[in-house]
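1. sequence plus predicted model, see below.
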Amino acid sequence: MQARGGLRLEGLVKRFGDVLAVDGVHLELPPGQLISFLGPSGCGKTTMLRMIAGLERPTEGRVYLDGEDVTDRPPHLRDIGMVFQTLALFPHLSVAGNVAYGMRIRGAPKRDIDARVNELLDLVDLHGLGDRRILQLSGGQRQRVATARALALEPRLFLLDEPLSALDANLREQLQVELRLLQQKLGITTIMVTHDQREAMTMSDLVVVMNQGRVEQVGEPLEVYRRPETPFVASFIGRTNILRGQVSDGVVRIAGRPFEVDRPLEPGPVAISVRPEDAHLQTTSTPETNALPGRVVFVRDLGELFECYVDCGLDEHVVVAGSPRERVNVVQGQPVSVSFPREACVVVEG
Amino acid sequence: MSELRRPTAGTRAVLVFPLAMLGIFFLAPFGIMLATSFYHRIEGGFYEPALELASWRRLLQPVFVERTLFSVGICLLAGAVCIVIAFPFTYFLTRMRRRPHVTLLVLIMSALALSEVIVGFAWSVLLGRAAGISNVLVWLGVMDEPVAYQPGFIAVLLGLCYIAFPYCILTLYPQLSRLDPELTEAAQTMGASPWRTFWTVVVPIGRPIIMAGFLLAFVFTLGSYLIPTFLGRPEHWTLSVFISDQATFNANVPFAAAMALFLTALSLVVVGVVTLVESQTRR
């Protein structure tokens, strides 16, 4: 069977009155994968998901599902399954009633419905809880019911709108893994909206980073982390140091010191991102290139992680992080130098 | 914990005011009514303290039994008509954009400012022959000559529905406006058309408030006596009309008191039965 659920968005725009929620998004998303829309609140990621579901009409642009233009098709004819942020479980129905809802609407025979409900409840580890009322379930169980309900009709697209946001941190991490394993098992095209970069990194094949209604970068999780293309992506996905400087005569200069970076640059302003764990602290003299002298401002040792804030005369303190085993013994106020290896210097602007 | 729950002198003092109000304005008049219903009636408009069942016995006369059944029947019908219209109306009202939503709500609530007398007169004009709706229909060519729709059963029903309708909406509005829109959206993503969503999600979830609105309309219309007198013939009069009749025109206060208490008990029984049935059938 050919993989279902390939999605293409063409010039998608959504305005709410004067507010531009989604600002011209073009995307081609492959079938069978888990794709995250990642961004801060208000970046338009949920609006995008709702337009894909048909719950919101695009102001401009088209939505294609498996090559078919579905822009004008109402949600109940789109063949999708969706888990909502509030989960939206029906309080008047039992667990089984919720899972069976879509099949009842389709008029499936009762015996088929019962069999499928049991199968789905097994799938999400809720075996034997079909008769429970929604109010009797824990947060994690409710989340599973919502998942089973959305998958009941074997939809072409499985949409998740911040599906785990109501859960506490431990349970959330556990369900992230479960959901991802389930998605891989079923091979269903899944789009998840999240503002949690860790969640996106854990679960996705592909991450779409959004900001202010626009797509900033599309890529595999590690690629987006390691090679951010904009300052926004660099600082939104994980923590980073943004070093700003100038390019002249083909040389990058930050705070007057020369830096070697991963690619040649045009003259003008430049911004380089270096992850805290890629920067190194030295108490010896400052090397000629890719290093800045500074003074230790603050040291934090969390046991699993060692962090040092260094004032290098830039707008912001440079953060150096590492395993405490590799800890360089420094104290507040001590002069140090921070080196930034060439391969860790990612140009995000310029 | 139990320390916290034990009422202190302060909390007891707070209760004094509502209890006093309840006693003075509800229990005391109710007690007087109850006593009066057993009093002896003297021809000519007076009564004297006594303990006799004459007034209560009179309730068993066929004419009053028949009026009772009619009253309960027409008010149940009015309640049903009201809720059938008010529920979808309120639901779609809450889904509207803010401006038309608020405008409509204000308009409907302004109908509450109209007294029953004005409503009764207005409808009797509208349903009458001289200047009523039928004249418009004649003008439109739908009918040959104007007719009077009142007095009549439908006119009474219409009037009762009209006065109860805003109260129905007031009962339904708070809950329906808080109904999570994601519930209906979820139903739609699972293949339910908006129509089926309404029937399979909105109505079942709204069932308790549908019952509450229905009962409110029922109890409210049961107490109406101007509408039936304005818009109906004597055969359309409800028990409330007879109560005011007995109290004001026949000056038979003990009998009026007995009927009033009977009507109160009756509405309590209906409310109780409906509530019981509702809670029994809920899964």
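-> Nice, thanks for sending it over.
2. any stretches of the stretch 1-150 of chain B with poor pLDDT?
-> Within the stretch 1-150 of chain B, the set of residues satisfying pLDDT under 70 comprises B:1-5, B:45.
3. quick one: the strands in it?
-> The residue ranges that make up the strands of the stretch 1-150 of chain B, judged by DSSP state E, counting those that start in this stretch, are B:40-42, B:46-48.
4. where does pLDDT dip in the stretch 101-250 of chain A?
-> Within the stretch 101-250 of chain A, no stretch falls below the threshold (pLDDT under 70).
5. who in it is up against chain B?
-> By Cβ under 8 Å from any Cβ of the partner chain, the part of the stretch 101-250 of chain A that sits against chain B consists of A:101-102, A:104-106, A:149-150, A:152-153, A:159. Just so you know, the C-beta spots here come from the backbone N, C-alpha and C atoms, and that holds for glycine as well.
6. just flag the most distant two among these.
-> Between any two of these, the greatest separation by Cβ to Cβ is 21.1 Å, found for A:R104 and A:L159.
7. looking at these two, which one has more neighbours?
-> Neighbour tally, A:R104 and A:L159, criterion other Cβ atoms under 10 Å in any protein chain shown: the higher count belongs to A:L159, 24 against 17.
8. ok, the residue in chain A that chain B sits nearest to to A:F232 distance?
-> Among the residues of chain A, A:G102 lies nearest to chain B; the distance is 3.5 Å by Cβ to the nearest Cβ. Spatial separation of A:G102 from A:F232 under the definition Cβ to Cβ, to the nearest Å is 39 Å.
9. between those two, who's got more neighbours?
-> Each of A:G102 and A:F232 had its neighbours counted (other Cβ under 10 Å), and the higher figure belongs to A:G102 (24 against 21).
10. got the residues of chain B near chain A?
-> For chain B, the residues in contact with chain A (Cβ under 8 Å from any Cβ) are B:180, B:182-183, B:185-194, B:196-197, B:200-201, B:204-205, B:207, B:283.
11. now the buried members of those.
-> B:182-183, B:185-192, B:197, B:200-201, B:205 (16 or more other Cβ atoms under 10 Å in any protein chain shown).
12. can you tell me which of these are in strands?
-> Secondary structure assignment (DSSP state E) places none of these within strands.
13. could those be laid out in CSV, adding pLDDT?
-> Shown next, in CSV, are those (pLDDT from 0 to 100):
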residue, pLDDT
B:E182, 94
B:L183, 95
B:E185, 95
B:A186, 95
B:A187, 95
B:Q188, 95
B:T189, 94
B:M190, 94
B:G191, 92
B:A192, 94
B:T197, 95
B:T200, 94
B:V201, 95
B:I205, 93
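14. one step back: show me the residues of the stretch 101-250 of chain A next to chain B that map onto helices.
-> Counting by DSSP state H, the members of these that fall within helices are A:101-102, A:104-105, A:149-150.
15. skipping adjacent residues, who's closest to the closest residue to chain A within the stretch 101-250 of chain B in space?
-> Nearest residue of the stretch 101-250 of chain B to chain A: B:M190, at 3.5 Å (Cβ to the nearest Cβ). Computed as Cβ to Cβ, 6 or more residues apart in numbering or on different chains, the closest residue to B:M190 that is not its neighbour in sequence is A:G102, at 3.5 Å.
16. again with A:V252
-> Beyond its immediate neighbours in the sequence, the residue positioned closest to A:V252 (Cβ to Cβ, 6+ apart) is A:F259, lying 4.3 Å away.
17. can you tell me the SS state at A:V247?
-> When classified by DSSP: H, G, I helix; E, B strand; the rest coil, A:V247 comes out as strand.
18. contact partners for the nearest residue to it once chain neighbours are set aside?
-> Computed as Cβ to Cβ, 6+ apart, the closest residue to A:V247 that is not its neighbour in sequence is A:L265, at 4.6 Å. With contact set as Cβ atoms under 8 Å, 6 or more residues apart in numbering or on different chains, A:L265 has these partners: A:247, A:250, A:252, A:347, A:350.
19. now the buried members of these.
-> For the contacts of A:L265, a neighbour count by 16+ other Cβ under 10 Å gives the buried set as A:247, A:252, A:347, A:350.
20. please identify the helix or strand for the residue positioned nearest the centre of chain B.
-> For chain B, the residue lying nearest the average C-alpha position, counting by Cα atoms, centre = their mean, turns out to be B:F220 (2.2 Å). In this structure, B:F220 sits in helix B:203-222 according to DSSP states H and E.
21. now the residue nearest to the centre of chain B: closest residue in space that isn't a chain neighbour?
-> The shortest distance from B:F220 to any non-neighbouring residue, by Cβ to Cβ, 6+ apart, is to B:A164 (5.0 Å).
22. buried sites along the helix or strand hosting the one you found?
-> Taking DSSP H and E as the definition, one finds B:A164 inside helix B:153-178. In terms of neighbour count (16+ other Cβ under 10 Å), helix B:153-178 has its buried residues at B:153, B:155-173, B:175-176.
23. and which of the ones in helices among the residues of the stretch 101-250 of chain A next to chain B is nearest A:V338?
-> Closest approach between these and A:V338, by Cβ to Cβ: A:A150, at 48.2 Å.
24. helices or strands up against the one helix or strand B:A265 maps to?
-> Mapping B:A265 onto the secondary structure by DSSP H and E places it in helix B:253-281. Secondary structure elements in contact with helix B:253-281, counted by 3 or more Cβ pairs under 8 Å, 6 or more residues apart in numbering or on different chains; DSSP states H and E, are helix B:28-37, strand B:40-42, helix B:54-58, helix B:62-94, helix B:203-222, helix B:239-244.
25. can you rerun that using 6 Å?
-> Contacts defined by 3 or more Cβ pairs under 6 Å, 6 or more residues apart in numbering or on different chains; DSSP states H and E place helix B:253-281 against helix B:28-37, helix B:54-58, helix B:203-222, helix B:239-244.
26. and the angle from it to helix B:28-37?
-> Counting by axes from the mean of the first three to the mean of the last three Cα atoms, to 10 degrees, helix B:253-281 lies at 120 degrees to helix B:28-37.
27. excluding chain neighbours, give the residue nearest to residue 227 in space.
-> All of this is about chain A. Excluding the flanking residues, the one nearest A:R227 by Cβ to Cβ, 6+ apart is A:V346, at 5.8 Å.
28. um, chain B though
-> Nearest-residue entry for B:I227: B:G159, 3.9 Å, with adjacent residues in sequence omitted and distances by Cβ to Cβ, 6+ apart.
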